[in-house]
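S.K.: Let's see this in three dimensions:
(3 chains)
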Amino acid sequence: MRVIPESLDVRANSIVVVAWDEGTAGQIHSWIEETGHHVTAFVNASDEPPVLDVESERPKREASQFDFPTRGSFKGLPLISASDWPDVVKDLGVTKALVMISDQTDRLKNIELARQRELELVNVIHPTATILPDAILHDNIALFPRAFVGYRAEIHPGVLINTGSQIDHHNVLHPCAHVDTGVVTAGNVVIERFARLHTGAKVSANIRIGEGAIVGAGAVIVDDVPPRTTVAGVPGRVIKKH
Amino acid sequence: MRVIPESLDVRANSIVVVAWDEGTAGQIHSWIEETGHHVTAFVNASDEPPVLDVESERPKREASQFDFPTRGSFKGLPLISASDWPDVVKDLGVTKALVMISDQTDRLKNIELARQRELELVNVIHPTATILPDAILHDNIALFPRAFVGYRAEIHPGVLINTGSQIDHHNVLHPCAHVDTGVVTAGNVVIERFARLHTGAKVSANIRIGEGAIVGAGAVIVDDVPPRTTVAGVPGRVIKKH
Amino acid sequence: MRVIPESLDVRANSIVVVAWDEGTAGQIHSWIEETGHHVTAFVNASDEPPVLDVESERPKREASQFDFPTRGSFKGLPLISASDWPDVVKDLGVTKALVMISDQTDRLKNIELARQRELELVNVIHPTATILPDAILHDNIALFPRAFVGYRAEIHPGVLINTGSQIDHHNVLHPCAHVDTGVVTAGNVVIERFARLHTGAKVSANIRIGEGAIVGAGAVIVDDVPPRTTVAGVPGRVIKKH
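M.R.: As a prediction, this is how the structure comes out:
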């Protein structure tokens, strides 16, 4: 059953963030005021609210500060649950969104939904990120602290570049490519849509990472990665096809 | 035999640094004025001055500038040798200290000693370090240039985070954990006390590094590391128990 | 046959960049105004203009913006081809140069040629680079965005430190050592002339990388690297002698 608040605190710079996990949505919320945006609500793009066994989740986290979503709230803000969330938030007066659902195909589906309903998709770029001249940034992109986008790199919608990761000159990151922390790519790398590079992966120059491929933590990629494969190790080798 | 100067040049922002090696104490000294502190002396936490065969050490260093300690001096400043150094420096008018002894158990022992004698333990944080919202920093912490402390990370006393290393969101670093240069951790990592991560190590999300564990240079950690083991390689495997 | 323009647009801060590839010369050109310099021409240090089959090169590049040199032009600026280019550019009124030829022995030969002809060799240092106290920088050095030079490190002519690479305290980089993106060295590392560290390589403390050695992408170096060898893997092992 959908969960919709009666009203939202809407300002000129208000957005909804379509995600409700502490690692992504929580982090972005913590520094979003520095980007000029303001989060007025979080969104769960489903007609059922998230079900989370907090009692079993909490002991796994040693950090003393950790927020879990409840039925209608996350981090003290409303958490909307609705598959037709673009219409819902527009009815509530919000015109801008950032879609950062962790499932990357869901992310793209909801980006397209938001676009159809004429929501404005915003970029959130931490002030410590560096963007070099002639880089092309589309919309609905998240650049985390110290993310780097090189000269003439091209970043498509739905891409997240996590803390300190470097995407170098003339890279092309297709929709909903996902780059974890501490990743480094050399020049002229192409990352197809839905591919994901895990913590600390390295990619040599002129490499293509195929659609939906998964590059394991710390892998070093010196050959093209076929679509829908998982590669790991140094040098990276295919360990799974999906 | 203890070595104690007759007096020190003490200002309001004066501290002693309890360490006397060029790599740690020397580096910190080079940029400490940028942190608002001022080093008035170095301390060797022992009743015997450091014995160093400079004639055999110097040829190992190609760099043209390299300082070695002498009996009572390091980098043109007094080098105090005394196991009861907190009382000694208080008698000389200094009320603040940073304890960064390279041996991590000695480091904690001397942090506790300083605390008992009511010295103020300071943090030294290079201005290029980044600390995200809601991070919790205890005292006696050194953040080197470009060190990064993520959202809601918790850093306990005696931790050193070396150049450019990234400690991500919700990490907990227990007392005297030691992080060398170019290390990257993902979210929700716990590093127990006395553990040490060497140059360029990578740690995946939700991992626990056990007490006193050693993570080798460039190792990629995708499973929990047991206490008092050394792990190396990609993926990291236990190569030694201590 | 040499290609020489009739005149150049020369200002007080004009330099020539001796290189004509998009990855190095193109990138530097994109941000050089931020360093206080101005590129008035590129130079091909040969009496024959570069021959490039653009028709076959272009399809390899997915990025929508990519510049290739033509006979006499690169990036809308003159491209001089002349082996005696220092005399040529001085005749055209330019007194400063940066030599960044990708072949490292050619680079040093042309640095020496420029010095003989009394051209001033400049450093180009991106404003996001960090240089710690007491570092020694010679001339004809390129520090890319976020490059890091540690305390008392020594950087000789012809060295390029690419994006985000960290050269730590007391390192010595000999002439025309070349450091790709995302490299991390610990303290007291020596890199002999003409050595090259590829993307994301890591080097432990007190290591010597021999003359002309090649360190593969993502390699982790824990032992000295002999001259004229290629090392790869974790830990790095010699895979080739040249």
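
S.K.: CA atoms for contacts and neighbours, from now on please.
M.R.: Will do.

S.K.: part of a helix, is A:Trp31?
M.R.: Yes - looking at A:Trp31 with DSSP: H, G, I helix; E, B strand; the rest coil, it is inside a helix.

S.K.: and chain A, which residues reach chain C?
M.R.: Counting by Cα under 8 Å from any Cα of the partner chain, the positions of chain A adjacent to chain C are A:132-133, A:151-154, A:166, A:168-172, A:184-188, A:190, A:202-204, A:220, A:222, A:234-235.

S.K.: number of nearby residues for the closest residue to A:Pro227 other than its chain neighbours?
M.R.: Distances taken as Cα to Cα, 6 or more residues apart in numbering or on different chains place A:Gly210 nearest to A:Pro227, at 3.9 Å, with adjacent residues excluded. Neighbour count of A:Gly210, defined by other Cα atoms under 10 Å in any protein chain shown: 20.

S.K.: One more: A:Thr24?
M.R.: Residues within reach of A:Thr24, counting by other Cα under 10 Å, total 19.

S.K.: residues contacting it?
M.R.: A:Thr24 sits next to A:Met100 when contact means Cα atoms under 8 Å, 6 or more residues apart in numbering or on different chains.

S.K.: How much space separates it from A:Val99?
M.R.: 11 Å (Cα to Cα, to the nearest Å).

S.K.: for A:Thr40, same thing?
M.R.: Counting by Cα to Cα, the separation of A:Thr40 from A:Val99 is 14 Å.

S.K.: can you pull out the helices in chain A?
M.R.: A:27-31, A:54-57, A:85-91, A:104-116 (DSSP state H).

S.K.: Close to chain B: what parts of chain A are there?
M.R.: So chain A meets chain B at A:23, A:27, A:30-31, A:61-63, A:65-66, A:163-164, A:181-182, A:199-200, A:217-218, A:233-234 (Cα under 8 Å from any Cα).

S.K.: Narrow the residues you listed to just the buried residues.
M.R.: Among these, those scoring as buried are A:23, A:27, A:30-31, A:61-63, A:163-164, A:181-182, A:199-200, A:217-218, A:233-234 (criterion: 16 or more other Cα atoms under 10 Å in any protein chain shown).

S.K.: which residues are contacting the helix or strand of chain A with the lowest mean pLDDT?
M.R.: Least confident helix or strand of chain A, by mean pLDDT, DSSP states H and E, is helix A:54-57 with a mean of 83. For helix A:54-57, contacts defined as Cα under 8 Å, 6+ apart pick out A:Phe68.

S.K.: one step back: looking at the helices of chain A, which one has the lowest mean pLDDT?
M.R.: In terms of average pLDDT, helix A:54-57 trails the rest of the helices of chain A, at a mean of 83.

S.K.: Keeping just the C-alphas, turn it into CSV.
M.R.: Output in CSV follows, covering the C-alpha atoms of helix A:54-57 (Å, rounded to 0.1, in the frame of the first residue of the first chain):
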residue,chain,number,x,y,z
VAL,A,54,16.1,-3.2,12.0
GLU,A,55,16.5,-5.4,15.1
SER,A,56,18.7,-7.8,13.1
GLU,A,57,20.3,-5.0,11.0
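
S.K.: biggest strand in chain A, by residue count?
M.R.: Ranked by number of residues, the top strand in chain A under DSSP state E is strand A:38-44.

S.K.: Which strands or helices does it pack on?
M.R.: Helices and strands touching strand A:38-44, by 3 or more Cα pairs under 8 Å, 6 or more residues apart in numbering or on different chains; DSSP states H and E, are strand A:14-18, strand A:77-81.

S.K.: per-residue confidence at A:Asp53?
M.R.: A:Asp53 is assigned 81 on the pLDDT scale.

S.K.: what's the neighbour count on it?
M.R.: 9.

S.K.: right, and the helices and strands packed on strand A:38-44 - which one's nearest B:Ala45?
M.R.: Minimum separation from B:Ala45 across those (Cα to Cα) falls at strand A:77-81, 51.4 Å.

S.K.: Mind listing residues that contact that closest one?
M.R.: A:2-5, A:8, A:20, A:40-49, A:69, A:71-73.

S.K.: how about a cut-off of 10 Å?
M.R.: Strand A:77-81 has contacts (Cα atoms under 10 Å, 6 or more residues apart in numbering or on different chains) with A:1-9, A:16-20, A:39-50, A:69-74, A:88-89.

S.K.: Is it possible to mark the buried ones in those residues?
M.R.: With neighbours counted by 16+ other Cα under 10 Å, these contain buried members at A:2-4, A:8, A:16-20, A:39-46, A:49-50, A:69-70, A:72-74, A:88-89.

S.K.: quick revisit: now the common contact residues for A:Thr40 and A:Val99.
M.R.: Both A:Thr40 and A:Val99 are in contact with A:16-17, where contact means Cα under 10 Å, 6+ apart.

S.K.: domain parsing for chain A?
M.R.: A:14-121, A:124-241 (automatic domain parsing).

S.K.: which of those domains is buried the deepest?
M.R.: Most buried of these, by mean neighbour count (mean count of other Cα atoms under 10 Å in any protein chain shown): domain A:124-241, with a mean of 24.

S.K.: From the chain's centroid, how far away is that one?
M.R.: 12 Å (Cα atoms, centre = their mean, to the nearest Å).

S.K.: Ends of it, what's the gap?
M.R.: Length of domain A:124-241, first residue to last, Cα to Cα: 33 Å.

S.K.: cool, stretch A:206-213 as well?
M.R.: Stretch A:206-213 has an end-to-end distance of 17 Å (Cα to Cα).

S.K.: do stretch A:228-242 as well
M.R.: Across stretch A:228-242, the terminal residues are separated by 5 Å (Cα to Cα).

S.K.: Run the chain-centre distance for it.
M.R.: 23 Å.

S.K.: Also stretch A:43-54?
M.R.: Distance, centroid of stretch A:43-54 to centroid of chain: 18 Å (Cα atoms, centre = their mean).

S.K.: A:Leu92 touches A:Ser14, doesn't it?
M.R.: No - if you go by Cα atoms under 10 Å, A:Leu92 and A:Ser14 don't touch, sitting 11.4 Å apart.
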